[in-house]
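Chemist: quick one: sequence and predicted model below, then my questions.
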Amino acid sequence: MNFADSEIVASLLKKEGHEVVADIEVADFILINTCAIRDNAEQRIRKRLRELRALQQRHPQLRIGILGCMAERLQNQLMVEEENVSFVVGPDAYRRLPQMLEQVRQAGVKAAETELSTTETYADIEPVRLGSNGISAYISIMRGCQNYCAYCVVPYTRGRERSRDPETIVAEAKGLFEQGYKEVTLLGQNVNSYRWQAGEERVNFPELMRRVAQISPLLRVRFATSHPKDLSDELLEVMASYDNICKCIHLPVQSGSDRMLKLMNRHYDSAWYLDRIAAIRRYMPECSITTDVIAGFCTETEDDHQMTLDMFRKVRYDYAYMFKFSMRPNTYAEKHLQDDVPEAEKTRRLEEIIALQGQIALENNRREVGRVYEVLVEGESHRSKMQLFGRNSQNKVLVFDRHEVQPGQYVRVRVTDCTAATLIGELVEEN
Ligand code: 5AD
Ligand code: SF4
């Protein structure tokens, strides 16, 4: 999300004559787009600000601004605590940036814009693709979240949920395809609740996916993130009926314990979640499934933790983002619950989940050996110039000898070996 937002910011500033520079030493402004989801994300930003002090001493005209969720959460307080910050801009206020840069250019002036909006979607802004490989791009389709999971700061930093109109989304995807892009990822905090209504026209997420998938069979379509409470069969049906909709679903489970899920305000229990997993497998047996999980949420017991491990054994995820619970200011958890799992215990539980998931991912990958996949080639392998890497529809990375192949091409690759993170393969000759 932040990456996509930075591309919108770059576009808004480019219109006013600013440009992105590769060398930090020649920058007039540094804009840091921030995340507030866990405390360590914010601590990293604080550290980065300290590191930038020397640069600022060498270049007294340099101005530093903080964008995104940390800006929204801390507002003016951030400029007081971090004296080298000149401006603070929340996620719905980026249109004000050009004007603010003008203001802060005059020495001594500081500025903050953190008002949240119920309508802003930046629908008319064509993002400037930053550091792009020219092959895959993100498209933001909605903003905000009002699910109010008990641990989560997002509803407070990104505001009410709102959907962007389907016409500009489809036009953006079409434009990317015409420029040579081969893959788009539609982004929202909870894409299942994408909803657009104008007069007679009603578009939900499955319908939006259908429209984007119909642009071309050569354009892959991905999306993130689905909330398990409203992952519909209708969406699974649409996914199954288009080859270019990638067979990969990110379905954050957060915990395997019903008591924890209720306390987290997730609006589903483990039975519901497993029913959705069964539905995915029914419609698309080849679909990969990934998740997010939190270890050590308030009052989590050893039994609750064991239920999370059981959930991992049952679903057998292909990949997981695994986190220790971090208490966030102003959330339901902070107001009403106790962060009572000791740090060492959180660490132990997280490590157990990581170890189990590593084992499952390796076993899953071993089963891939011998299979042939269509791979969209993304670039040179990090290990060797003689090898390329790309992804299959399931979003698994495949590495193979390059021969005459170029990034951006679709090729067929047979899996010959694997690690827990990567499939190793060989090109299959086309007849
Ligand atoms: N502590 C730890 N992890 C969190 N997440 C969200 N809030 C917190 C928190 N307070 C995780 C969830 C979510 C992912 C994006 O970040 O797993 O799905
Ligand atoms: Fe946070 Fe829950 Fe919204 Fe995801 S769905 S952004 S975890 S409140």
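Modeler: Everything's here; your move. Numbers count the residues shown, from 1 in each chain. Ligands and ions are numbered 1, 2, ... in the order given.

Chemist: neighbours around residue 383, how many?
Modeler: Using other C-beta atoms under 10 Å, residue 383 has 10 other residues around it. C-beta: built from backbone N, CA, C; applies to glycine.

Chemist: what number of residues lie near the closest residue to residue 258 other than its chain neighbours?
Modeler: Sequence neighbours aside, residue 269 is the residue nearest to residue 258 in space, at 4.5 Å (criterion: C-beta to C-beta, 6 or more residues apart in numbering). Applying other C-beta under 10 Å, we find 15 residues neighbouring residue 269.

Chemist: any idea how far residue 269 is from ligand 1?
Modeler: Plainly put, residue 269 is 17 Å away from ligand 1 if you go by C-beta to the nearest ligand atom, to the nearest Å.

Chemist: quick check on the residue of the stretch 201-350 of the chain found nearest ligand 1: phi, psi?
Modeler: Nearest residue of the stretch 201-350 of the chain to ligand 1 (C-beta to the nearest ligand atom) works out as residue 292 at 3.4 Å. With angles defined as degrees, to the nearest 10, residue 292 sits at phi -120, psi 150.

Chemist: mind pulling the model confidence for it?
Modeler: Looking at residue 292, its pLDDT is 98.

Chemist: and stretch 418-426, end to end?
Modeler: Terminal residues of stretch 418-426 lie 12 Å apart, using C-alpha to C-alpha, to the nearest Å.

Chemist: what is the mean pLDDT for that stretch?
Modeler: The pLDDT scores in stretch 418-426 average 96.

Chemist: buried stuff in that stretch?
Modeler: Buried positions in stretch 418-426, judged by neighbour count with 16 or more other C-beta atoms under 10 Å: 418, 422-425.

Chemist: what residues does it touch?
Modeler: For stretch 418-426, the external contacting residues (C-beta atoms under 8 Å, 6 or more residues apart in numbering) are 358-359, 361-362, 365-366, 368-369, 373, 375, 389, 392, 396-401, 413-417.

Chemist: isn't the residue nearest to residue 258 up against residue 262?
Modeler: Yes. Under the criterion of C-beta atoms under 8 Å, residue 269 makes contact with residue 262 at 7.5 Å.

Chemist: now, of the contacts of stretch 418-426, which are buried?
Modeler: Buried subset of the contacts of stretch 418-426 (neighbour count, 16+ other C-beta under 10 Å): 361, 365, 368, 373, 375, 389, 392, 396-400, 413-415.

Chemist: that older thread, which of the contacts of stretch 418-426 fall in helices?
Modeler: Residues of the contacts of stretch 418-426 located in helices (DSSP state H): 358-359, 361-362, 365-366.

Chemist: what parts of the stretch 201-350 of the chain come near ligand 1?
Modeler: Proximity of the stretch 201-350 of the chain to ligand 1, by C-beta under 6 Å from any ligand atom, involves residues 252, 254, 292, 294, 323, 325-326, 328.

Chemist: hmm, try it at 8 Å
Modeler: Residues of the stretch 201-350 of the chain found near ligand 1 (C-beta under 8 Å from any ligand atom) are 225, 252, 254, 292-294, 297, 321, 323-328, 331, 333.

Chemist: pLDDT and distance to ligand 2 for the ones in helices among the contacts of stretch 418-426 - can I get that in a markdown table?
Modeler: A markdown table is the format used below for these (pLDDT from 0 to 100; distance: C-beta to the nearest ligand atom, whole Å):
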| residue | pLDDT | distance to ligand 2 |
| --- | --- | --- |
| 358 | 97 | 24 |
| 359 | 98 | 26 |
| 361 | 97 | 23 |
| 362 | 97 | 28 |
| 365 | 97 | 28 |
| 366 | 97 | 32 |
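
Chemist: so residue 65 sits in a strand?
Modeler: Yes. Counting by DSSP: H, G, I helix; E, B strand; the rest coil, residue 65 is found in a strand.

Chemist: show me what it is bridged to.
Modeler: Counting by DSSP bridges, residue 65 is bridged to residue 31, residue 87.

Chemist: for it, the count of nearby residues, please.
Modeler: Residues contacting residue 65 under the criterion other C-beta under 10 Å number 24.

Chemist: burial measure for whatever residue of the stretch 201-350 of the chain ends up closest to ligand 2, as a count.
Modeler: In the stretch 201-350 of the chain, the residue that lies nearest ligand 2 is residue 227 (5.4 Å; C-beta to the nearest ligand atom). By the criterion of other C-beta under 10 Å, residue 227 has 20 neighbours.

Chemist: ok, and the closest non-adjacent residue to it?
Modeler: residue 190 (4.4 Å).

Chemist: right, and that neighbour touches residue 224 too?
Modeler: No. The criterion here is C-beta under 8 Å, and residue 190 misses it with residue 224 at 10.1 Å.

Chemist: looking at the two, which one has more neighbours?
Modeler: More crowded of residue 190 and residue 224, by other C-beta under 10 Å: residue 190, with 20 against 17.

Chemist: what about the more buried one, distance to residue 395?
Modeler: Residue 190 sits 19 Å away from residue 395, going by C-beta to C-beta, to the nearest Å.

Chemist: wait, residue 149 sits on residue 266?
Modeler: Yes. Under the criterion of C-beta under 8 Å, residue 149 makes contact with residue 266 at 6.2 Å.

Chemist: pull up the overlap in contacts between the two.
Modeler: Jointly contacting residue 149 and residue 266 under the rule C-beta under 8 Å, 6+ apart are residue 254.

Chemist: for the one helix or strand residue 259 maps to, enumerate the helices and strands it packs against.
Modeler: Residue 259 belongs to helix 258-263 when elements are defined using DSSP states H and E. The helices and strands touching helix 258-263, judged by 3 or more C-beta pairs under 8 Å, 6 or more residues apart in numbering; DSSP states H and E, are helix 302-315.
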